[in-house]
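[1] model the structure of this input:
(chains A, B and C)
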Amino acid sequence: MNTHPYKPNIATVQDTWYETFGDRCIKTFKVVFDDEEVRDNWTHLPGQCAMIGILGTGESMISISCSPTEGKFLRFSVMRAGKVTKALHELEAGDKMTVRGPYGNTFPVDEWKGKNIITIGGGIGQAPLRPIIEYVRAKKSEYGDLTVVYGARTSADLCFKGEFSELAKVENTSCRLSIDAKEEDWPHYVGFVPALLMEINPSPENTIAITCGPPIMINFVLQNLKKLNFPDDQIYTTLENRMKCGIGKCGRCNAGNLYVCKDGPVFSYAMLKNVPEAFA
Amino acid sequence: MLDLDKLRALAKETISRDDIKYLIGWRQGTYGFRTSPHFVGNLEDAEQLIFSPLCSSNLATYLTLAEKRPVPRGAQPDTRRVAIMVKGCDSRAVVQQLVEQGIKRESVYVIGCPCEGIIDRRKLEEKVPHTLERVEARWENGKIILDLPAGRAAFPRDEIVAGKCLTCRYPNPVIADVTVGEDVEVRGSAGFEDINWLEVKNAQERWAFWRDKVNSCIRCYSCRNVCPMCYCAECILDKLNPAWIQRSVNVSENTAFQLARAFHLAGRCIECGECERVCPVEIPLSHLNRKLVKEVSEQFAFTPGIDPEAKPLLAGYRPNDREAFIL
Amino acid sequence: MKLSKDKLADFLAAIPGKTVFGPQLSGETLRFTPVTRPGNLCPTVNNATVPPKSVVFPQTETMFRFEQGATDIRTAEPSGETVLFGVRPCDARAMSIVDNVFFWDVDDPYYLIRRTNSALVGLACLDPCVNCFCTSMGGGPASTEGLDILLTDLGESYLLEVLTGKGEMLCQSAEKLLSQASSADKEAAKMLQEKAAAQISRQIDPSGIPARLPALWESPIWEKISASCLGCGICTYLCPTCHCFDMQDETEGEESRRYRTWDSCMFSEYTLHASGHNPRPTRRERTRNRINHKFSYFVDKFKVMACVGCGRCINLCPVNIDILDILSQVGEQAL
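    Take a look at the predicted model:
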């Protein structure tokens, strides 16, 4: 069993596919640990991340975008951006990647039992929200209503496209998708996610709102959630920063006095509103 | 001799102008023999300006270091000029930045300060222990005078100034919109006798010398950051994709770093000596750069940072350029 | 106990099976390197430029090795025991402060091994430099915090105080070299130490700083302080409490390794995201972060300020950015 905090485990890519295309495309990897003991002993909860990478290239902290309820595998949705993510995008089924973790805190899934959950995502921001959505779906009777609000610039930029129609069939669950500009054959909302949120007009009563996405979207979503009278401790988000060690030693991922790798990545708005660097 | 009141009056007049954003000069440091770069934004700040043999910083580096913040929507960019005080060597940096179009002529207002030589803090500290009380210095009749707590101390100039000052051929700024003080005589002679002691060594001896020095390098990049000519938006050293030079600190990578920087400065280094001054482990970087200055001078009869109309040396060629080194 | 100076070489030689590190000239720089000839030690000159943190937290350290294309990872745990000789009390205190980070929640295996296998033989500072301010930061020229032995230079000999079990074990092998210290010796040492503490002229009361910093987040002082900053790594690399590092992979021929190497929050790409976004885009934000980290965030997490008053950053900053000056400004600025 590997207890060395920096030594990664080896995992094999079982399946991989593109969610979106273009220069900053997003590719999803479904991976399984090679070592049986690691596979059996791995536990994680929604919200947590892992350092994934390639030996000889480096590592990148990516949120684990599957719920532990889905099976003994891990899913990562990676945007092609820099040195490591470019190398990760070269991987195909059968290739190896390194994985260490899980790191960070979790969405407080026990505290949220019995509550309604509304997730508000934009673009790649849906990746850290997917695990909590799947977790709640798997344990639906323990939670209230689930509302998934998700938007992207165009329909091609939406991640996990095939999953929403099935998700909408789950009891007390609704999916509201949006794209920025009109497209032929698009039957859903056209406009920005924060505006769609106002149209849905969710009640803050016994409801938790979780938002992830581009900074500008988060900014407006937070403003609107306040307009809808959501208390600060009922609004959650995840932060990200450049990371190296993932365990609070290398010093670089702090937003104010909070280390995103250890005190986060899950934060309530109550924790962040007095941390100016949180939204830098 | 420089009149401080005149300097401060000029500074106040300058920053009161509509077309000047701020002024960069020097002020007394926080202890002993130190001075620090001083950014003057108002009349009160101007009162602290000094110009003395302790003013070592080459302020031209700030012309390319200052970050340009994004302009808020609807607002106009601030196109006012930056006023900058320059010694002779510093002014060559301004000229070279102009030649390379790193800065525009209309964005700077150059205040030339003829200079009789800058104290080398290490040479001074061998003679006089450092004090907490702040010390003033001035040039007087070929000597450098220090007002120490124990009393006035006078040193012959050549004993106490930096190596670069001993070979300096441009003590009077080569570019200036206004000048403070009188022009001074040129003391340095043409030629490169200062690096002869290295040149006479054979290749193995030279490598042994540099290997020992480069082994001390802690890759703090102070030499690169202080250099007025190092202003690439993305330095080759910071590039990870590909990683031309690794971030690991050892003789191999350190040598690659030092040589890369020296070669990137070939034909551009204006010999201000700041790299050597700032190095916390006292690597004699000036000697490395002087060697390349010598090569450029001998191979191409070129001196950078003198003529604002000149073309950058390595950006062009002349048909009769020497080719002996091409195999 | 007392150790005569002419017996120092024998004392060091008597330490069994441990590599002794001490302040020696490496090029022109005083730093802690393995002692092969005790004559090369320079313990009585000013403090080493590169702090002894470089022994337990080397600038570049291999984490593990592997071959390109293979999946076998061989971790590179350090081995061997060390004795750090001539450590100033400020640097020893600093190591105890840095321990907080490397043992926070998860033990850093490399640091853990090097640190637990090291013994610190301290040397009291009898001639503090102009910029030392250890006494303002909870330390002092003869502070024993973090040391296993403290030596005080009495001229011909050292007064030797054993402080920990580790220190005792070090002395066991050299028992015959040590003599009894008289009460006059102890008096002399005490007087020298007090004289040294009195010599420290730069003082500050930092106690109010952590509480003031949050309210000064948008203060104009950060712009002013950082205007002359070159963004180099001198203050961070030479600071005994700074501990940030980068991790990279490199390949030479068939062999590859993952290593870690010192990094600085003052470098522009320290927090640069792959997307191109940088939450600390200018020197103003980075300077503000550095001061807040040392005097506010570190206090929040570990109840101690990450500064021991060694003065290196003041002595070596090329543009005379002075941390005491910054702290005074923080102390005086209207909230």
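[2] in chain C, what helix or strand scores lowest on average pLDDT?
    Sorting the helices and strands of chain C by mean pLDDT, DSSP states H and E puts helix C:8-14 at the bottom, at a mean of 90.
[3] residues making contact with that helix?
    C:3, C:20, C:35, C:38-39, C:41, C:83, C:85, C:158, C:173-174, C:177 (Cβ atoms under 8 Å, 6 or more residues apart in numbering or on different chains). For the C-beta atoms, the positions are set from N, CA and C on the backbone; glycine is no exception.
[4] can you give me the buried ones in that helix?
    Across helix C:8-14, burial judged by 16 or more other Cβ atoms under 10 Å in any protein chain shown covers C:8, C:11-12, C:14.
[5] then stretch B:38-53?
    Per 16+ other Cβ under 10 Å, stretch B:38-53 contains these buried residues: B:38-40, B:45-46, B:49-53.
[6] from the chain's centre, how far out does that stretch sit?
    Per Cα atoms, centre = their mean, to the nearest Å, the displacement of stretch B:38-53 from the mean C-alpha position of its chain is 19 Å.
[7] now the terminal residues of that stretch, how far apart.
    Distance across stretch B:38-53, first residue to last, is 16 Å (Cα to Cα, to the nearest Å).
[8] same question for stretch A:199-213.
    Stretch A:199-213 has an end-to-end distance of 19 Å (criterion: Cα to Cα).
[9] give me the residues contacting that stretch.
    Residues outside stretch A:199-213 that contact it (Cβ under 8 Å, 6+ apart): A:107, A:112, A:114-129, A:132, A:144, A:147, A:149, A:176, A:189, A:193, A:217-218, A:221-222, A:225, A:228-231, A:234-238.
[10] and stretch A:230-237, by the same measure?
    Taking Cβ under 8 Å, 6+ apart as the rule, stretch A:230-237 contacts A:107, A:204, A:207-212, A:218, A:222, A:225, A:266-270, A:272-273.
[11] buried ones in it?
    For stretch A:230-237, a neighbour-count test (16+ other Cβ under 10 Å) marks A:230, A:234-237 as buried.
[12] and if you look at stretch A:171-182?
    Quick answer for stretch A:171-182 (16+ other Cβ under 10 Å): A:173, A:175-179.
[13] tell me the mean pLDDT over it?
    Mean per-residue pLDDT for stretch A:171-182: 95.
[14] and what of stretch A:114-121?
    Here stretch A:114-121 scores 97 as its mean pLDDT.
[15] can you check stretch B:136-154 too?
    When pLDDT is averaged over stretch B:136-154, the result is 94.
[16] that stretch vs chain C: in contact?
    No - Stretch B:136-154 stays clear of chain C (Cβ under 8 Å from any Cβ of the partner chain), getting no nearer than 11.6 Å.
[17] contacts for stretch C:115-122 next, please.
    For stretch C:115-122, the external contacting residues (Cβ under 8 Å, 6+ apart) are C:18, C:52, C:55-56, C:78, C:80-89, C:92, C:95, C:99, C:102, C:144, C:146-151, C:166-167, C:170.
[18] and the residues you listed, which of them are buried?
    For the contacts of stretch C:115-122, a burial check counting by 16+ other Cβ under 10 Å picks out C:18, C:52, C:55-56, C:78, C:82-89, C:92, C:95, C:99, C:102, C:144, C:146-151, C:166-167, C:170.
[19] can you narrow the residues you listed to ones near chain A?
    Counting by Cβ under 8 Å from any Cβ, the members of the buried ones among the contacts of stretch C:115-122 near chain A are residue C:102.
[20] strands - which of the buried ones among the contacts of stretch C:115-122 land there?
    Judged by DSSP state E, the buried ones among the contacts of stretch C:115-122 include C:18, C:82-87, C:149-151 as members of strands.
[21] looking at these, which gets the smallest pLDDT?
    Lowest pLDDT within those is found at residue C:18 (90).
[22] just the buried residues of the helix ranked longest in chain C, please?
    In chain C, taking DSSP state H as the definition, the longest helix is helix C:183-199. Within helix C:183-199, the residues that count as buried by 16+ other Cβ under 10 Å are C:185, C:188-189, C:192-193, C:196-197, C:199.
[23] farthest-apart pair in those residues, please.
    C:185 and C:199 (21.2 Å; Cβ to Cβ).
[24] redo the buried residues of stretch A:171-182 as JSON lines? Include distance to chain C.
    Putting the buried residues of stretch A:171-182 into JSON lines (distance: Cβ to the nearest Cβ, whole Å) gives the following:
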{"residue": "A:173", "distance to chain C": "32"}
{"residue": "A:175", "distance to chain C": "27"}
{"residue": "A:176", "distance to chain C": "27"}
{"residue": "A:177", "distance to chain C": "24"}
{"residue": "A:178", "distance to chain C": "23"}
{"residue": "A:179", "distance to chain C": "21"}
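[25] farthest pair within those residues?
    Farthest-apart pair in these is A:173 and A:179; separation 20.9 Å (Cβ to Cβ).
[26] for the helix or strand containing residue B:5, buried residues please.
    Using DSSP states H and E, residue B:5 sits within helix B:4-16. Neighbour-count burial for helix B:4-16, counted by 16+ other Cβ under 10 Å, picks out B:4, B:7-8, B:10-12, B:14-15.
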